[in-house]
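Asks: what would the 3D arrangement of this be:
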Amino acid sequence: EELHISQPSSAYDFGQIINAVNTNKDKAACADLLAVTDPKRLPVLLSNKLEGEIFLIFIQSLEYYIVGKDPGLVYQHLFYLSKAERFKVVLALLSKNEKEQVQQLFDILSENQNNHYSLEDLESLKKIYEL
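Replies: Coordinates of the predicted model:
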């Protein structure tokens, strides 16, 4: 069944949508959610709910659906995702393969660099992601 994504009004709403997205492994719906969510609100919306599975579906959705259209939005999401509670914990638990997926997204961002971020910004962010 297809998920209908609207802008989440609260952390609870966001959590419900994320759970549905994660259950269905629906990367397209996740991309829709990230497209309508202000990246600045990510840390608040995620509160302490960030987990490895959710982190990975974010990374995959950004890579498959958004980076080609809007690399600036991807950069913003990665930046604010790094400010979320539990970010460091989730990062520490990623497998080598999962870290490579994150690296791949950063590689695409550096190839599609635009006026929303500089390569220096990207390098600083990569350090936060320990890549």
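
Asks: tell me if I'm right that Ser110 and Leu125 touch.
Replies: No: with contact defined as C-beta atoms under 8 Å, Ser110 does not reach Leu125; the gap is 10.6 Å. Every C-beta, even on glycine, is put in place using the N, C-alpha and C of the backbone.

Asks: now the helices for the protein?
Replies: 11-24, 27-36, 42-46, 52-61, 71-81, 87-93, 96-111, 119-128 (DSSP state H).

Asks: Provide the contact partners of the fifth one at residue level.
Replies: Identification of contacts with helix 71-81 by C-beta atoms under 8 Å, 6 or more residues apart in numbering yields 34-35, 39-43, 46, 50, 55, 58, 62, 66-67, 87, 105-106, 108-109, 112-117, 121-122, 125, 129.

Asks: which of those residues count as buried?
Replies: Neighbour counting by 16 or more other C-beta atoms under 10 Å classes 34-35, 39, 42-43, 46, 50, 55, 58, 62, 66-67, 87, 105-106, 109, 117, 122, 125, 129 among the contacts of helix 71-81 as buried.
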